[in-house]
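**Q** sequence first, then the predicted structure:
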Amino acid sequence: MTRSKPYASRRPLRSVAGFSLIEVMVALIIISIGLLGIAKLQAVALSSTGTAGKRSLAAVEAASVASAMHADRAYWSLASSAVPTVISGTTIASSPDPALVSGVDCWAAAPCTTVQMAAYDLTQWAVSAQTIFPSYQASILCPPPAASLPNTCTITITWTENTVAANTQGIVPAAGAAFQTPTYILYVQP
């Protein structure tokens, strides 16, 4: 007859009471990485919204200059030069027409000539653009037309904006770590 060991072959059952500290730490690391990814995604989305807003405002500002050019066709349809009129800050920085650089207040001095009206419009536009784009540069180029074609002008607005890139490919190396200089161009026939 074989003799069995009454309790020697039986092992006591261990009850599972909860998570170990290692499991909790791994779960916290996974959740932290996910939350960091969501925070980065939120920053990129916010930056993209700001960039799109500035581009829309640049389109509105360029259309504003085009409207002023249409209103003063007597000047802009005859203005032709290979040198652009440059607007920076709140002033007209340079122009091929010396009378265009010095703006006159057309509300106080009446009547204004066509060049004075164009200078007044550009000066008022520069003040408006400065509030939207603190560091911008705009140029208006009206090259001489070919043969019997109408005069076509190019309005270019360039500004600096701070952006957040999703990865290192989104950063423009020439402009620095997080600054970009977008450009908006509008072609108009005054």
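**A** Perfect, thanks for sending it.

**Q** so how far is the first residue of stretch 90-97 from its last?
**A** End-to-end span of stretch 90-97 (C-alpha to C-alpha, to the nearest Å): 18 Å.

**Q** helices along the chain, start to end?
**A** 21-71, 73-76, 98-101, 114-132 (DSSP state H).

**Q** of those, which shows the lowest average pLDDT?
**A** Lowest mean pLDDT within the helices of the chain: helix 98-101, at a mean of 80.

**Q** from the contact counts, what lies against it?
**A** Judged by 3 or more C-beta pairs under 8 Å, 6 or more residues apart in numbering; DSSP states H and E, the packing partners of helix 98-101 are strand 91-94, helix 114-132. (Each C-beta comes from the backbone N, C-alpha and C, glycine too.)

**Q** let's see 6 Å
**A** Where contact means 3 or more C-beta pairs under 6 Å, 6 or more residues apart in numbering; DSSP states H and E, helix 98-101 is packed against helix 114-132.

**Q** quick check, central residue of the chain?
**A** residue 51 (3.9 Å; C-alpha atoms, centre = their mean).

**Q** and the gap between residue 47 and residue 99?
**A** 42 Å (C-beta to C-beta, to the nearest Å).

**Q** neighbour count: the two, which is higher?
**A** residue 47 (18 against 15; other C-beta atoms under 10 Å).

**Q** okay, that one and residue 162: tell me how far apart.
**A** 8 Å.
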